[in-house]
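Quick one: sequence and predicted model below, then my questions.
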Amino acid sequence: MLTLQIVPYSEIDGLSSLGRIRKLLNMAKENKVVLLHGRLRKEEEAELIKVTMEEINKEFRGIELAVMNPMENSGALTGFEKVKSTVVNALLGDRQGLTLVGPANIVKKVKKDPKKLQFMIEESKKKVIRKRKRK
Amino acid sequence: MLNALQMFLNKFINNIFNKKKHIKLGLYGPPNAGKTTLANRICQDWLGEDMGVASNVPHETREIQIKEQVNIKSGNKEISFNLVDTPGIATRIDYEDFLKVGIKEKEAKKRAKDATKGVIDSIKWLDEVDSVVVVLDSTKDPYSQVNITIIGNLVARDIPVLVVGNKVDLKRAKLKKVKAAFPQYEVIGISAKKGNNIDDFYETLFKVVK
């Protein structure tokens, strides 16, 4: 069964960078798909990838990561929209947007465009794993 | 003793007054975007030699490769840099993916292990480079999180970025989509393999590398 864990930003707010990364990665390693209400800092995203690579083994093949950031295309905004988005960003910071972290053995692919996020689940592999366990 | 002291002083003074700025130009991007093909193109154009082995198998480059003292000229301008070709950054590495392209299990497992180290090194090197060319495959989805994370990290470190949409010689290339994904950056479409638009690439590089 697929577990989707929704994590409010308050859960990671008081944590150190390493603490945030550890929390998200541990959940992904428990085969949970994590939906964080908010975002990691850019440096933390890179660190998350780095720590993931350090922990890849026979069972854990990595993660799928996707971040929805309403500020991402602010370069294309003009006039009032830009001012509005700057003010909102100053008030909310990393609380804006969504972060999806899923284990690579479950989340096959994340399709993202600026307005939507879709993730495809690896159905066939799950069946294979179950069959192997039965043996 | 006096001679040794004089040599030390001469060296110290030379270091202060002849200090040369060595720009480290990094090539970053996801696996199989054509970073090594572009590195080879640059090295062939200006040094007459290849830099590394490029192939269709992802994670072909699994170690940081550096070519020192590459001099590029465009009109009256000239830049000199050390070219750093980095392994492709990915969030997942599965040795079974290498089996699918005909690599044997033992070698596939080793390749996967080396590839994870390569990704770690690429991320560590973000703190070492002065300017970066982000190489993207323009036939693929530009909104991939790896692309956004790389560029976001470069911006956070205040490193000048040039985005290259590679493989524009292929019919399914969508350079407009790459440009739409990164409207705040200079994006240039090239084919590193065929050499399309390479002169424009060098000209734009001069604008970006400071």
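Here it is on my side, so go on. Numbering: from 1, shown residues only, chains lettered A, B, ... in the order given.

Next, the contact list for residue B:124, please.
Under the criterion of C-beta atoms under 8 Å, 6 or more residues apart in numbering or on different chains, the neighbours of residue B:124 are residue A:50. Quick note: C-beta positions are derived from backbone N, CA and C, even for glycine.

Tell me the residues of chain B that contact chain A?
Residues of chain B that fall close to chain A, judged by C-beta under 8 Å from any C-beta of the partner chain: B:89-94, B:112, B:116-117, B:119-120, B:123-124, B:126, B:141, B:143-146, B:148-150, B:152-153, B:155-156, B:183-184.

What subset of these is buried?
Buried by 16 or more other C-beta atoms under 10 Å in any protein chain shown: B:89-94, B:112, B:116, B:119-120, B:123, B:126, B:141, B:143-146, B:148-150, B:152-153, out of those.

Quick one: residues contacting residue B:74.
Taking C-beta under 8 Å, 6+ apart as the definition, contacts of residue B:74 comprise B:202-203, B:206.

Return the member of these nearest to residue A:21.
Using C-beta to C-beta, residue B:206 comes nearest to residue A:21 of the contacts of residue B:74, at 38.0 Å.

what helix or strand is that closest one on?
Per DSSP states H and E: residue B:206 is located in helix B:198-208.

returning to what we had before: among the residues of chain B next to chain A, which are in strands?
Among the residues of chain B next to chain A, none falls in strands (DSSP state E).

on that earlier part again, output the contacts of residue B:74 in a markdown table; the columns should cover neighbour count and pLDDT.
Putting those into a markdown table (neighbours: other C-beta atoms under 10 Å in any protein chain shown; pLDDT from 0 to 100) gives the following:
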| residue | neighbour count | pLDDT |
| --- | --- | --- |
| B:202 | 18 | 94 |
| B:203 | 13 | 92 |
| B:206 | 15 | 90 |
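
helix/strand/coil for residue B:165?
Secondary structure, DSSP: H, G, I helix; E, B strand; the rest coil: residue B:165 is strand.

Next: the one 5 residues further on.
Under three-state DSSP, the three-state class of residue B:170 is coil.

tally of neighbours for it?
Around residue B:170 there are 14 other residues, counting by other C-beta atoms under 10 Å in any protein chain shown.

Residue A:116 too?
Applying other C-beta under 10 Å, we find 8 other residues in the vicinity of residue A:116.

and if you look at the one 3 residues further on?
Neighbours of residue A:119 under the rule other C-beta under 10 Å: 18.

any residue of the strand or helix carrying it up close to chain B?
With elements taken from DSSP H and E, the one containing residue A:119 is strand A:116-121. No. Using C-beta under 8 Å from any C-beta, strand A:116-121 stays clear of chain B, coming no nearer than 9.7 Å.

Mind checking what helix or strand follows the host helix or strand of residue A:11 in sequence?
Secondary structure here is read from DSSP H and E; on that basis residue A:11 sits in helix A:10-13. Using DSSP H and E, the helix or strand that directly follows helix A:10-13 along the chain is helix A:17-29.

Good, we can wrap up now.
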